[in-house]
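A.B. asks: Sequence and computational prediction follow.
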Amino acid sequence: LYEHELQTPTGTSDTTRSTLNNLAWIIFGLLWVSSEAQRPFVIVGFLRSPFFPKCYYDANFNSRKKLLRQIFGSFHQLLVALVPLWNVAYVVLRLNNPSGMSDFLIAVCLARSLRYGFQNSRAASLDIAVTSLIDAVTSDSSGWARVPVVSQLLIVSFFVLRLQSLSNKFFYVLKAFYSFATDKKLHVPYTNVILMCNILLFPVLLLVLLIATILDSALLPIFGLPVFVVACPRPKRFWPTPSKSATPNSDSVFYESAASKIKEYLSKESSYGKLGKLTPGDMLCLRFDESFIFVHILEVGLNYTKVAVKGLELKMTSCHTAEANKLDEIFSFAFENNSGSHRNKYSNTILKPVDVTHMDIYSIARSTLTGIIDSPTTTKRILNYFPYVVLWLLRPHLKSGKEKVIEEALQRGSYYSQELSKSVRFPKDWYLKLSGDSKVTQKQGWMHASHDAAPSRRNDDADLDDILNLDEPSGRASAASTRSATSSTKKSTVENFVYICAKLVFGTSPKRMRAEDIANIFQGASLAPNQNDDQVKSVALKAFRYALKIAIDDAMMGNDGMEAIDMEDLAEELDTLDKTHYIGPEGTDAWNTAIQNNIHTCISLKMDKEESNVCKLLVATKQKVCVKVGRLNHEAVSGIWASLHLELLYFANDDEERYSIQAHEALFQNLMIQSADPPLGYPIYNTLMVIPKQPILGICVG
């Protein structure tokens with residue numbers, strides 16, 4: 001076929017050419033419409049799409065539009081699977097060489113067209129549509145008609161890419177000028193001089209735009225001002241491989257746990273066309289709760305996409321907060337538009353919302369416990385619940401006759417029962433039920449019959465034998481001697497152990513605890529010195545944390561009846577804490593392990609010294625979280641990063657209050673600088689990820 005077509009000087013017939021041209025326009029139109037119809041805004045983000053729900057969360061009112069959006073996505077996915085075959089067919093049917101070009105050059109251009117048709121099928125369909133349009137408006141005798149089709153596609157592809165880059169740069173410049181002129185917070189003493197110079201030297205600015213576009217280089221705003229020069233051409237990424245986080249902290253583990261869900265989302269939704277055509281350099285923004293994740297597209301292959309995933313710090317500065325609030329407004333207007341406006345009033349920003357989804361990731365809630373944690377009632381609640389929790393943690397040993405283990409532990413420490421009996425009362429009924437010595441136990445559905453039926457324990461909850469570093473009594477003789485112990489002796493042994501734990505946590509004379517005292521005990525930093533501190537510490541700390549959790553819940557629910565404890569409800573709550581919760585200091589190995597193991601709820605408490613020593617509670621819950629997704633103008637991002645490189649690497653201007661990192665509600669300068677590659681940027685999470693493309697009809701396409 002290749003040789004036959006090259007022997008035909010005029011190539012395909014006029015009828016075939018006309019049919020192929022019409023098909024090219026139709027196929028590209030269907031691709032474009034099926035992709036754009038799934039987004040909230042169309043026509044360069046200026047108008048609201050009639051196919052997108054006005055309020056995406058109103059399931060009853062917008063169910064039809066949501067279904068229509070799913071139909072568009074499925075149709076786009078099917079079309080993308082067939083487009084590569086169309087691209088190859090067009091190239092083969094239009095293959096010609098009217099100008100007598102070298103066969104080697106024709107072969108190179110042909111190989112490029114076939115590869116591009118599969119690897120980047122959506123961009124190739126646009127090139128074919130533009131080539132068909134030029135072919136339809138030019139005559140057969142023109143110079144363009146004598147250029148081989150594969151060479152035409154190469155030329156058109158170059159100019160299409162450059163025009164797209166030029167349009168993105170032009171919109172970036174317009175938005176920078178508009179915001180600089182209208183936002184008084186961005187004004188400097190010489191604002192009018194800068195604006196007048198740019199108006200008078202507008203032809204020079206256009207020349208700078210053209211040079212930067214031809215070189216595929218970024219536009220560099222000097223010191224963040226709308227004074228643009230051509231930046232040095234540089235790779236899409238600053239370092240060959242992503243370096244580790246510049247400022248890692250305890251929140252990094254949440255981004256790490258969400259990475260797998262983000263990978264699944266990108267792999268699935270990119271094939272539906274919701275995110276648009278992804279090319280190297282593009283930037284996606286994912287927003288949920290107080291978190292930001294930026295996905296930087298580094299490389300796009302036939303069956304993969306390589307990206308850099310970066311998570312920003314959850315603790316926000318004033319500039320960070322201002323830009324985050326503006327970004328939330330944009331997403332709220334896009335997905336919760338109750339005003340009925342058809343025009344995008346936020347089109348002057350570099351963010352374009354594209355999708356909203358739900359991911360099974362951690363939702364992080366931080367609350368201040370002022371008025372609760374420092375209440376004297378809270379101290380009483382903790383002291384009241386503490387012995388109950390200790391006995392609950394010892395229940396496998398109470399039911400299987402292993403008090404010998406506890407008794408041996410007591411011999412290593414001191415006896416504290418008399419000093420604490422007034423504040424920490426031993427719950428006899430609770431003990432009898434847990435130890436199985438009461439007939440009532442047989443009627444309790446929450447009571448396990450044996451040690452084997454006890455809830456499974458995580459790595460941080462070793463059995464009491466391991467915690468106390470003691471060997472369990474073995475052999476029938478030992479078991480027989482344990483079973484022969486009288487009930488009173490067993491109770492005395494366990495009671496002594498409870499008071500040892502209480503002494504370790506509360507000291508010799510429990511009194512009202514301040515917020516700092518509770519936080520220090522929770523962190524394990526202010527336990528009373530004890531001879532067997534290392535052995536009993538794990539049990540005592542866990543009992544205190546469980547008791548504190550239940551006491552805080554009681555305070556928030558307004559329960560004041562501390563003396564009448566419902567043992568059924570308490571057993572159920574403790575069982576839930578054992579199975580689905582981790583309670584402990586954040587940032588520790590145990591905390592990170594719990595997050596990585598997808599424990600349903602992780603709870604931590606600490607004093608925030610940066611906010612006037614306020615006690616704060618952190619609750620991380622694994623659940624369906626609403627995630628908003630937007631696309632950023634990658635030319636604006638590249639320009640801001642180029643300015644950052646100039647200031648830090650060449651001018652050595654690392655002033656934390658410099659103009660270029662102040663809050664900019666149109667360009668989001670502060671967020672963009674945080675998301676830059678370390679060490680210049682400072683994301684708390686940064687990793688390289690390869691996103692596999694989902695095969696459609698057995699074909700992997702771009």
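C.D. replies: On my side now, so go ahead. Numbering: from 1, shown residues only.

A.B. asks: for the stretch 451-600 of the chain, which spans come out with low pLDDT?
C.D. replies: Where the stretch 451-600 of the chain drops to pLDDT under 70, the residues are 451-491, 508-510, 528-535, 559-564.

A.B. asks: Would you map the helices across it?
C.D. replies: 464-468, 475-483, 487-506, 515-523, 533-557, 567-580, 589-596 (DSSP state H, counting those that start in this stretch).

A.B. asks: which helix of the protein spans the most residues?
C.D. replies: Longest among the helix segments of the chain by residue count, using DSSP state H, is helix 149-182.

A.B. asks: That one: how far from the chain's middle?
C.D. replies: Distance, stretch centre to chain centre, for helix 149-182: 30 Å (CA atoms, centre = their mean, to the nearest Å).

A.B. asks: And for stretch 145-154?
C.D. replies: 45 Å.

A.B. asks: and if you look at stretch 369-376?
C.D. replies: On CA atoms, centre = their mean, the centre of stretch 369-376 falls 33 Å from that of its chain.

A.B. asks: do stretch 343-363 as well
C.D. replies: 14 Å.

A.B. asks: go on, stretch 260-272?
C.D. replies: 13 Å.

A.B. asks: In it, which residues are buried?
C.D. replies: 262-263, 265-266, 269-272 (16 or more other CB atoms under 10 Å). (C-beta placed from N, C-alpha, C; glycine too.)

A.B. asks: mind checking how far residue 632 is from residue 396?
C.D. replies: Between residue 632 and residue 396 the computed distance is 55 Å (CB to CB, to the nearest Å).

A.B. asks: Likewise for residue 266?
C.D. replies: 45 Å.

A.B. asks: Of the buried residues of stretch 260-272, which is the nearest to residue 609?
C.D. replies: Among the buried residues of stretch 260-272, residue 262 lies closest to residue 609 (CB to CB), at 32.7 Å.

A.B. asks: what about the strands in the stretch 201-350 of the chain?
C.D. replies: Counting by DSSP state E, counting those that start in this stretch, one finds strands in the stretch 201-350 of the chain at the ranges 219-221, 228-230, 283-288, 291-300, 304-311.

A.B. asks: With mean neighbour count, mean pLDDT and distance to residue 652 added, can I get those strands in CSV?
C.D. replies: Listed next are the strands of the stretch 201-350 of the chain as CSV, based on neighbours: other CB atoms under 10 Å; pLDDT from 0 to 100; distance: least, CB to CB, whole Å:
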stretch, mean neighbour count, mean pLDDT, distance to residue 652
strand 219-221, 25, 92, 17
strand 228-230, 19, 93, 19
strand 283-288, 22, 94, 27
strand 291-300, 22, 91, 26
strand 304-311, 22, 90, 24
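
A.B. asks: circling back to that earlier point, I'd like the next helix or strand past the longest helix of the chain.
C.D. replies: Sequence order places helix 191-200 as the next helix or strand after helix 149-182, per DSSP states H and E.

A.B. asks: Can you mark which positions in that next one are buried?
C.D. replies: 194, 198.

A.B. asks: likewise stretch 247-256?
C.D. replies: 248, 250-256.

A.B. asks: Which of those residues sits closest to residue 213?
C.D. replies: Of the buried residues of stretch 247-256, the one sitting nearest to residue 213 (CB to CB) turns out to be residue 255, at 34.9 Å.

A.B. asks: That closest one is in contact with residue 293, isn't it?
C.D. replies: Yes. With contact defined as CB atoms under 8 Å, residue 255 counts as touching residue 293 (6.6 Å).

A.B. asks: Contact partners for the nearest residue to residue 277 once chain neighbours are set aside?
C.D. replies: Using CB to CB, 6 or more residues apart in numbering and skipping the chain neighbours, the partner closest in space to residue 277 is residue 122 (4.9 Å). By CB atoms under 8 Å, 6 or more residues apart in numbering, the residues touching residue 122 are 31, 80, 83, 277, 702.

A.B. asks: Go again with 10 Å.
C.D. replies: In this structure, residue 122 makes contact with 28, 31-32, 35, 76, 79-80, 83-84, 87, 273, 276-279, 701-702, judged by CB atoms under 10 Å, 6 or more residues apart in numbering.

A.B. asks: what's the answer for residue 670, then?
C.D. replies: 312, 316-324, 640, 660-664.

A.B. asks: Name the helix or strand for it, please.
C.D. replies: Using DSSP H and E, residue 670 falls in helix 669-674.

A.B. asks: pull the CA atoms of that helix into CSV?
C.D. replies: Output in CSV follows, covering the C-alpha atoms of helix 669-674 (Å, rounded to 0.1, in the frame of the first residue of the first chain):
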residue,chain,number,x,y,z
GLN,A,669,1.3,32.5,44.1
ASN,A,670,1.8,31.3,47.6
LEU,A,671,0.3,27.9,46.9
MET,A,672,2.3,27.5,43.7
ILE,A,673,5.6,28.3,45.5
GLN,A,674,4.8,25.8,48.2
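
A.B. asks: and it, how far from the chain's centre?
C.D. replies: 17 Å.

A.B. asks: and it, average pLDDT?
C.D. replies: Averaged over helix 669-674, pLDDT sits at 91.

A.B. asks: Skipping adjacent residues, who's closest to residue 326 in space?
C.D. replies: In space, and not counting its chain neighbours, residue 326 is closest to residue 665: 4.2 Å by CB to CB, 6+ apart.

A.B. asks: tell me the contacts of residue 501?
C.D. replies: Counting by CB under 10 Å, 6+ apart, residue 501 has contacts 386-387, 389-390, 393-394, 416, 420, 424, 530, 536-537, 539-544.

A.B. asks: from these, which would you call buried?
C.D. replies: Counted by 16+ other CB under 10 Å, these give 386-387, 389-390, 393-394, 416, 420, 424, 530, 536-537, 539-544 as buried.
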